[in-house]
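Visitor: need a structure here:
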Amino acid sequence: MKLPKYVHGYTNRHGKTVFYYRRPGQKKVRLKIGAGVLPWSPTFMDAYEQAQGQARSALGASRTVPGTVNAALVSYYQSVAFTKGLAISTQKTRRAILENFRKDHGDKRIALMHTAALQIMIGGKTPAAQRGFKKAMRGFIDHCMELGMLRADPLLGLKFTKLKKSSGFLTWTEDDITKYRERHASGTKARLALELILQTGHARSDAVRMGRQHVKAGTLSMRRQKTGVAFDIPLLPDLLAELTHQKANQLFYLTTEYGKPFTAAGFGNWFADRCREAAVPGRAHGLRKASAVRHALNGATAPELMAWHGWKTISEAQRYIEEANRIKLAASAGAKMRTGIGSPQPGEPDQTAGTVENT
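Guide: Coordinates of the predicted model:
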C-alpha cells in the first residue's frame, strides 16, 4: 500500500510494524499509533499531521534565538498542553493564528509583550477574529507564564469590539431534508451521509470515523474526537436501512472514491457539493442541529440530549429545548386561531360590537 508523503514503515525485531515521518532536512518523528491502525485511516492521518507539526517545530528550534517569540512558540508547540490538550483540528486552527502573529513579531523579545501592543494588533480585526486571536494566544501566554518567560498577562485589559449575536450554522428544516432525499436516492453514498449525521446527530469529524468496528448489539459506541466525551446510541431505523446497502467487507461507513476514509475537511467539501446538487443551503453541522431539534420536539430532556450528542454542558442542550418549545408554542397559538378560541360562537352576540366607552 502506498503511504502518505514522507512516511516510511518497517517491521522491527519484535514483529511490530512502525511508521515514521521523515522529510529531508527535518527530524525523523515516529507516528504515535496503536497496533492494527491502518495507513490512511482517520487515526493514522491524525498521527501523521501531529508528526508533521513536531518535525516543523524541531526544525524551527534550531533556527531561533532564545527569549524571542519564535523560541517561545517552538516550546509551546512541543508542550503537552498543545499536543495532548487540544484536538488536532483545534491545533491546526490555533497554529495558523499564531504563525501569522509570528511573521510580524517572531524576532521580538517575548518578555516585552504588553497589553497596549496587543490592543493595536486586534484593532483592525473583525469581532470574531479578535476572539479567535484571544483563544489562540491564551494557551500560548499561559505556557510562557508557567515557564517564567512573562511576568504579567498581556491579555488582561484587552477591549473587544462587540460581537453581534449569531445562531451559527443554519439548521436544516424538514423541507430541506425532504428535498435532499428526493435528489439523492436510498443506496447512494450521498444519502448515507445525510442519514449518518442526521440519525446520529454527530459532527463530521466523528461521522468520518464511524464504522462497523464501533457497533455492538445495535449500539454505536465512540468518543467525540474534539472533546473526548463518550456516547453510546442505538442505530435508528432510517440509518439501519441505508447501512444494508454497505459492502460486507467495508469497515468505515463513509469512504472516498478510492476506498479510503474521508478526512473531516474533505468530507465537508464533498458533502457541500451534494447539498448544492439538491439545492439546499445546509451544511453538515446544520444537520447535527436538526437532529437535536428533532429529539427535543419528541420530548427529549436536556440530560438526554447531552448523552446522545456527547455534549459536556447542559447549556449546549438547553438551547435546543428552547427552540423546540418555541416551535411547539407557535403551533399551539396557530391551532387556537384556526379553531376560533376567544371568538363569538355561532348564534351568540358579539359583546364588543356597538359598545361605547363610558365617560
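
Visitor: Enumerate every residue touching Phe160.
Guide: Taking Cβ atoms under 8 Å, 6 or more residues apart in numbering as the contact definition, Phe160 lies against 122, 127, 130-131, 134. Heads up, the C-betas are built off the backbone N, CA and C, glycines and all.

Visitor: The same query, at a cut-off of 7 Å, please.
Guide: Shown in contact with Phe160 (Cβ atoms under 7 Å, 6 or more residues apart in numbering): 127, 130-131.

Visitor: From these, list just the buried residues.
Guide: Burial by neighbour count, 16 or more other Cβ atoms under 10 Å: within the contacts of Phe160 this picks out Gln130.

Visitor: Which of the contacts of Phe160 fall within helices?
Guide: Here DSSP state H is the test, and these give 127, 130-131 as lying in helices.

Visitor: will you turn the contacts of Phe160 into a markdown table that also has distance to Lys5 and pLDDT?
Guide: Shown next, in a markdown table, are the contacts of Phe160 (distance: Cβ to Cβ, whole Å; pLDDT from 0 to 100):
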| residue | distance to Lys5 | pLDDT |
| --- | --- | --- |
| Pro127 | 38 | 90 |
| Gln130 | 36 | 94 |
| Arg131 | 35 | 92 |
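
Visitor: Can I get the contacts of Phe160 in a markdown table including distance to Arg23?
Guide: Shown next, in a markdown table, are those (distance: Cβ to Cβ, whole Å):
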| residue | distance to Arg23 |
| --- | --- |
| Pro127 | 38 |
| Gln130 | 35 |
| Arg131 | 34 |
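
Visitor: Looking at the contacts of Phe160, which is nearest Ala331?
Guide: Lowest distance from Ala331 to these (Cβ to Cβ) belongs to Pro127, with 35.2 Å.

Visitor: List the buried residues in the helix or strand hosting Arg95.
Guide: Using DSSP states H and E, the element containing Arg95 is helix 88-105. Going by neighbour count (16+ other Cβ under 10 Å), the buried part of helix 88-105 is 88-89, 91, 94-95, 97-98, 101-102, 105.

Visitor: All the strands of the protein, residue numbers only.
Guide: Applying DSSP state E to the chain gives strands spanning 7-11, 17-21, 29-30, 215-216, 219-223, 230-234.

Visitor: Do me a favour and average the pLDDT over the first one.
Guide: So that's strand 7-11. Mean pLDDT, computed over strand 7-11, is 87.

Visitor: Then the fifth one?
Guide: Looking at strand 219-223 alone, the average pLDDT works out to 94.

Visitor: Local confidence estimate at the residue nearest the centre of the chain?
Guide: Taking Cα atoms, centre = their mean, the centroid of the chain lies closest to Ala203, which sits 5.8 Å from it. At Ala203, the model reports a pLDDT of 93.

Visitor: One more: Glu357?
Guide: On the pLDDT scale, Glu357 is placed at 42.

Visitor: count of neighbours near the closest residue in space to His245 that isn't next to it in sequence?
Guide: Spatially, and ignoring its direct neighbours in sequence, His245 is nearest to Gly187 (4.5 Å; Cβ to Cβ, 6 or more residues apart in numbering). Number of residues near Gly187 (other Cβ atoms under 10 Å) recorded here: 12.
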